[in-house]
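Engineer: Sequence and predicted structure are below.
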Amino acid sequence: MSESCVFCSIVAGDLPSRKVHEDERVLAFMDINPISDGHLLVIPKAHARDLHDVPADDLAACALVAQQLATRAVERLGADGVNLLQCSGEAAFQTVFHVHLHVIPRYAGDP
Ligand code: AMP
Ligand code: ZN
């Protein structure tokens, strides 16, 4: 855990979140500033800074959870498509430096 990390604080329960999935390795919760209905984030519980830093097992576990939640967005939210987004580094618009996958449901006719 990194003491100054917002997502580590969420994992620890020191900050609130709307959790949608939790297992021993992975946590998924709703994005606080969603860009579509159902936008959520999937993170490894163990702190890693970005795509280059995260252990393969944690990355694989996050990818599988992201796939499951993307399918759920289609089946339960009626999404017409899904974007998976991962930003690594400031130049790629990463703003929270605990690696995460965005699951962004898309709806036909979205702006
Ligand atoms: P990125 O630009 O890829 O680093 O995305 C960081 C994401 O984290 C943004 O979409 C933020 O809205 C989201 N975010 C930041 N703080 C929180 C929080 N406390 N709870 C949920 N989502 C958050
Ligand atoms: Zn962290």
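Structural biologist: Arrived safely, thanks for sending. None of the values given here were measured: they were computed from a predicted structure. Ligands and ions are numbered 1, 2, ... in the order given.
Engineer: From here on, just use CA atoms for contacts and neighbour counts.
Structural biologist: Fine.
Engineer: Run a quick neighbour tally on the nearest residue to G89 once chain neighbours are set aside.
Structural biologist: Nearest residue to G89, sequence neighbours excluded (Cα to Cα, 6 or more residues apart in numbering): D50, at 7.3 Å. Neighbour count of D50, defined by other Cα atoms under 10 Å: 17.
Engineer: Contacts only, for D50.
Structural biologist: 87-89, 97-100 (Cα atoms under 8 Å, 6 or more residues apart in numbering).
Engineer: which one among these gets closest to ligand 2?
Structural biologist: H98 (4.5 Å; Cα to the ion).
Engineer: Next one: the closest one from L40, what distance?
Structural biologist: Noted for H98: a distance of 15 Å to L40, by Cα to Cα, to the nearest Å.
Engineer: ok, back up a step: ok, which pair from the contacts of D50 is furthest apart?
Structural biologist: Farthest apart among the contacts of D50 by Cα to Cα are G89 and H100. That separation is 11.9 Å.
Engineer: Compare these two (neighbour count), which wins?
Structural biologist: More crowded of G89 and H100, by other Cα under 10 Å: H100, with 28 against 16.
Engineer: Model confidence at that one, what's the number?
Structural biologist: Listed pLDDT for H100 reads 98.
Engineer: can you pull the buried residues of the helix or strand where L69 lies?
Structural biologist: Assigned by DSSP states H and E, L69 belongs to helix 56-77. For helix 56-77, a neighbour-count test (16 or more other Cα atoms under 10 Å) marks 58-59, 61-63, 65-66, 69-71, 73-74 as buried.
Engineer: Good, wrapping up.
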